[in-house]
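Novice: Turn this into a structure:
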Amino acid sequence: MTPHHLVKLLEKASLSYYGHASLGEVLLTGGEPTLDPDFLMELVSMLGRLTPRVVLQTNAFLLFPQLTDSLMRAGLAEIVCDIKAWDDGLHTWYTGQSNIPVLRNVRYACGRLPMTAN
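Specialist: Numbers count the residues shown, from 1 in each chain. Take a look at the predicted model:
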């Protein structure tokens with residue numbers, strides 16, 4: 001499915017359910033949306049015609065500064081980070097990966113966009 005097809009499907013569902021195609025907010029969540037940054041960028045950009053607020057829920061592991069900046073330019077309004085553990089050892093035990101890149105990416109995005117960390 002392409003971002004174009006997904007947005008068309010969302011428009012159709014919104015018209016059917018709400019009677020109009022505009023939405024107050026769209027939350028992009030997983031799997032992990034940042035695994036396909038090109039798809040995500042195009043989708044965020046296209047969603048701007050349906051909603052004033054596009055929110056991304058991510059584990060932030062791949063939310064590199066360049067991607068954050070590009071998503072902001074595309075219209076991303078907010079980030080919700082699902083941080084598995086603040087302690088690096090525990091995070092590594094849970095995920096098999098260090099949380100150092102996660103915290104670095106969160107630190108970069110924080111202050112650039114509204115952010116919530118879970």
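
Novice: Tell me the spacing between A13 and G31.
Specialist: Between A13 and G31 the computed distance is 20 Å (CB to CB, to the nearest Å). Where C-beta positions appear, they are placed from N, C-alpha and C, glycine not excepted.

Novice: For the two, indicate the residue with more neighbours.
Specialist: When neighbours are counted by other CB atoms under 10 Å, A13 and G31 differ, and A13 comes out ahead with 12 against 7.

Novice: Around P101, count how many other residues there are.
Specialist: The number of residues near P101, taken as other CB under 10 Å, comes to 14.

Novice: The nearest residue to L62 once chain neighbours are set aside: what's it in contact with?
Specialist: Setting aside the residues directly before and after it, L62 is nearest to T34 in space (CB to CB, 6 or more residues apart in numbering), at 4.1 Å. Residues in contact with T34 (CB atoms under 8 Å, 6 or more residues apart in numbering) are L40, L56, T58, A60, F61, L62, L63, L67.

Novice: What helix or strand is the most centrally placed residue in the chain located in?
Specialist: In the chain, the C-alpha nearest the mean C-alpha coordinate belongs to L56, at 2.2 Å (CA atoms, centre = their mean). Secondary structure assignment for L56, by DSSP states H and E: strand 54-58.

Novice: Nothing else from me, thank you.
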